[in-house]
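Colleague: Quick one: sequence plus predicted model below, questions after.
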Amino acid sequence: MITHSRMAGLFLLLPLFLALALTSGCGKREAFETLSAPPASKGLPSYWKIPDFTLTDRSGKSVQLADFAGKVWVADFFYSSCPGPCPMLSSRLSDVQKEFASASDLRLVSISIDPEKDTPAVLQAYATKFKANDRWIFLTGEKAAIYRLAREGFKVPLADRETPDGLITHSARLMLIDQTGTVRGFYEAENQQGMADLFAGIRTLLSSKP
């Protein structure tokens, strides 16, 4: 017989069970974050500020949060050898690059979660593959710093270890950050409506002062 105390414990553990059930690997496409952007008609939410960081771009240059001050940016976490959602994420960012080709205050930021393999040279080759311009920034650096930025800065899930088939479980969403470094939205990249909402959010931020 289940006692009242055991029943209460089960209810407390329910959110954890749901989160684990929705976790996906890089080779799968189930979404496993709970945050999402509301319809554009309701305006953009304002979540939290990204903490300072220091990483390295594909040219070997050091990049910090301050380098994005006054810029709107769209970020994702990926790795170059990912066979799952990463090429799709990069393809969607390529679409953003084309749609906002004349937006000088917009930056695209792709952060590698496999920095040991994704050296600046590897990121340069990957960027060339997707015809990235100089406003699309690819970052690598110390693994601990990258994982801390993902989990504590963007608050998105990221596995500590590879799966048995060599995949890394990570977020498959695009994130929108405003000119003050505040996260303003999370978007499903493979979802047509998600991309439409992202485009609308970018336009809103580019045309307004935070």
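Modeller: Ah, there it is.
Colleague: Please identify which helix or strand holds the spatially most central residue of the chain.
Modeller: Closest to where the C-alpha atoms of the chain average out (CA atoms, centre = their mean) is D76, at 2.8 Å. Element membership for D76 (DSSP states H and E) is strand 72-78.
Colleague: which residues are contacting whichever helix or strand comes after that strand?
Modeller: The helix or strand immediately downstream of strand 72-78 is helix 85-99, counting by DSSP H and E. Under the criterion CB atoms under 8 Å, 6 or more residues apart in numbering, residues 26, 29, 74, 76, 78-80, 106, 108, 110, 126, 130-133, 135-136, 172, 174, 189-190, 195, 198-199, 202 lie in contact with helix 85-99. Every C-beta, even on glycine, is put in place using the N, C-alpha and C of the backbone.
Colleague: let's see 6 Å
Modeller: Helix 85-99 is touched from outside by V74, D76, F78, L108, F130, W136, A172, A189, E190, with contacts defined as CB atoms under 6 Å, 6 or more residues apart in numbering.
Colleague: which of the residues in that helix are buried?
Modeller: Neighbour-count burial for helix 85-99 flags P85, C86, L89, S90, R92, L93, S94, V96, Q97 (criterion: 16 or more other CB atoms under 10 Å).
Colleague: got a pLDDT number for the second one?
Modeller: According to the per-residue confidence, C86 scores 76 in pLDDT.
Colleague: Equivalent analysis for the fourth one, please.
Modeller: Listed pLDDT for S90 reads 89.
Colleague: and the gap between it and Q193?
Modeller: In this view, S90 and Q193 are 20 Å apart by CB to CB, to the nearest Å.
Colleague: Same question for the first one.
Modeller: Distance of P85 to Q193, given as CB to CB: 17 Å.
Colleague: same thing with the third one?
Modeller: L89 is 17 Å from Q193, where distance means CB to CB.
Colleague: picking that back up, show me the two of the contacts of helix 85-99 that sit farthest apart.
Modeller: W136 and E190 (19.4 Å; CB to CB).
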